[in-house]
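**Student:** just the structure for this:
(one chain, ligands or ions: 1)
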Amino acid sequence: MKTSSYSGFFKLSVEERRNEIAEFSGLTEEEKAIIASADTLDMDKADHMIENVIGRFALPMGVAINFIINGKDVVIPMVTEEPSVVAACSNAAKMARPSGGFTVSSSGNVMIAQIQVLNVNTPFAAKSMILEKKEEIIRICNEKDPVLVNFGGGVKDVEVRVIDTIAGPMVIAHLLVDTLDAMGANAVNTMAEAVAPYIEEITGGSVELRILSNLADHRLVRARATWKKEDIGGEEVVDKMLNAYAFAKADPYRAATHNKGIMNGIIPVVIATGNDTRAIESGAHSYASRDGRYTSLTTWEKDANGDLVGSIEMPMAVGLVGGATKIHPAAQTAVKILGVKTAAELGQIIAAAGLANNMAAMKALATEGIQRGHMSLHARNLANTVGAKGEVLEAIVKQMVSEKKVRLEYAKELFDKHTEK
Ligand code: MEV
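**Tutor:** Here you go, the predicted structure:
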């Protein structure tokens, strides 16, 4: 059986690591070449992705290893500029292996499109009028996307809210659209625009905004895992981590940073698979505020054995078809490395990565502090920046860390000394 648990993976060369992952995921030579090259996205494709293109921008792709997710070994590609994120994610996954890794699930792929109806004198009656015509609304919307409907997707329900605003009451209709394996922004926006005239006709009001909501709370993913106390430093560490969690749960200032650590695990996978990072960020943070106060996206508890149990639930509007996921060859290769066949599976793995990074951050913060681990990675970055390589780089890193002088000028000074010899 293939395992995602490698010892000393970080000690391999980039090429050796790529070969290991290629073997794990069954990558072809061509796919290996795609992730090896910074020029994977050709200029013509880039020029058609956004406007006013003048070039391309490369970032490192790493892999988080050691994950077991729903009983299956998984390797997670991560694209990020931040040192220590991939190592922390892999480390938390390693510590979760003895208890079986991560269990994940999701609520489905339903996105919300909002339709804002103004100038109605009787908003609650207008709400009823819209709901009375639900079947016709669904028919008009689904006519716009027969392919989605053929595969089992399309509008499944209509909800209507009356909200109070500084501009008076407004009637807000929600189309609940199953977008299957697409992120779905185009599909739901098209439907909302198509049905707007009919909504005006039945309410006598005027429709203004027609756009999806990123608070995708019908598209939730969940992940949970147990870390045995003996694998993470004992019950004392569990208790300290629970205090760290209690802090984040109670205080929005801390919750913002706690959740940032979760997004450290989430966004790199969203980028690697060509998905929309801003949609995921806004969904996450609005969901974290759903009870009126911003709080933690994760929950941490201690079970009867004294082991640490973490769980996460959050919106996850990611897709596998369309957008940059289909266009960008490296994103396609990342999807192959993940071995996912549906958007829901992708979202669930992303949730596991977020939970893992949160666990690693809380453990570090509650014990030795975050800087120790960060410092050696930062030192490595600085040594790299001044041009050091191989043994020289290792020697410079060691010296900076042991002397606790992790600064660019010092890295340069040490590098000059080494190269003078
Ligand atoms: C740094 O990128 C992330 C942390 O600040 C997260 C946290 O504080 O929980 C370490």
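**Student:** does the ligand sit close to the longest helix along the chain?
**Tutor:** The longest helix of the chain (DSSP state H) is helix 343-366. Yes - using Cβ under 6 Å from any ligand atom, helix 343-366 reaches the ligand at 361, 365. Glycine gets a C-beta too; all of them are placed from N, C-alpha and C.
**Student:** and that helix, how far out from the chain's middle?
**Tutor:** 9 Å (Cα atoms, centre = their mean, to the nearest Å).
**Student:** how far off centre is the helix or strand following that helix?
**Tutor:** Next helix or strand after helix 343-366 toward the C-terminus (DSSP states H and E): helix 371-385. Centroid separation for helix 371-385 versus its chain: 25 Å, with Cα atoms, centre = their mean.
**Student:** what do you get for stretch 19-33?
**Tutor:** Distance of stretch 19-33 from the chain centroid (Cα atoms, centre = their mean) equals 24 Å.
**Student:** now do stretch 27-39
**Tutor:** Centroid displacement of stretch 27-39 relative to its chain, using Cα atoms, centre = their mean, is 23 Å.
**Student:** now that stretch: average pLDDT?
**Tutor:** Across stretch 27-39, the average pLDDT comes to 94.
**Student:** outside of it, which residues touch it?
**Tutor:** Residues outside stretch 27-39 that contact it (Cβ atoms under 8 Å, 6 or more residues apart in numbering): 15, 18-19, 21-22, 40, 56, 58, 61, 329-330, 332-334, 336-337.
**Student:** what about Ile138, how many neighbours?
**Tutor:** The local packing of Ile138 (other Cβ atoms under 10 Å) involves 20 other residues.
**Student:** how much space separates the nearest residue to it once chain neighbours are set aside from the ligand?
**Tutor:** Using Cβ to Cβ, 6 or more residues apart in numbering and skipping the chain neighbours, the partner closest in space to Ile138 is Val155 (4.6 Å). Distance from Val155 to the ligand, counting by Cβ to the nearest ligand atom, to the nearest Å: 39 Å.
**Student:** wasn't Val155 part of a helix?
**Tutor:** No - per DSSP: H, G, I helix; E, B strand; the rest coil, Val155 lies outside any helix segment and is strand.
**Student:** please report how far it lies from Ser105.
**Tutor:** 24 Å (Cβ to Cβ, to the nearest Å).
**Student:** ok, now Ile35?
**Tutor:** From Ile35 across to Ser105, the span is 30 Å (Cβ to Cβ).
**Student:** so the residue nearest the centre of the chain is in which element?
**Tutor:** In the chain, the residue lying closest to the centroid (Cα atoms, centre = their mean) is Ile266, at 2.7 Å. Element membership of Ile266, judged by DSSP H and E, is helix 252-272.
**Student:** among Ile35 and Ser105, which residue is more densely surrounded?
**Tutor:** Higher neighbour count among Ile35 and Ser105: Ile35, with 21 against 14, using other Cβ under 10 Å.
**Student:** circling back to that earlier point, so the residue nearest to Ile138 makes contact with Ala192?
**Tutor:** No - with contact taken as Cβ atoms under 8 Å, Val155 and Ala192 are classed as non-touching, separated by 10.0 Å.
**Student:** give me the common contacts of these two.
**Tutor:** With Cβ under 8 Å, 6+ apart, Val155 and Ala192 have common neighbours 141, 175.
**Student:** in this structure, which residue sits closest to the ligand?
**Tutor:** Gly261 (2.7 Å; Cβ to the nearest ligand atom).
**Student:** would you mark the buried spots in stretch 278-289?
**Tutor:** 279-288 (16 or more other Cβ atoms under 10 Å).
**Student:** for stretch 399-410, same thing?
**Tutor:** 399-401, 406, 410.
**Student:** for the lowest-mean-pLDDT helix or strand in the chain, name the packing helices and strands.
**Tutor:** Between all helices and strands in the chain, the lowest mean by mean pLDDT, DSSP states H and E belongs to helix 371-385, at a mean of 84. Packed against helix 371-385, as judged by 3 or more Cβ pairs under 8 Å, 6 or more residues apart in numbering; DSSP states H and E, are the following elements: helix 85-96, helix 390-402, helix 408-420.
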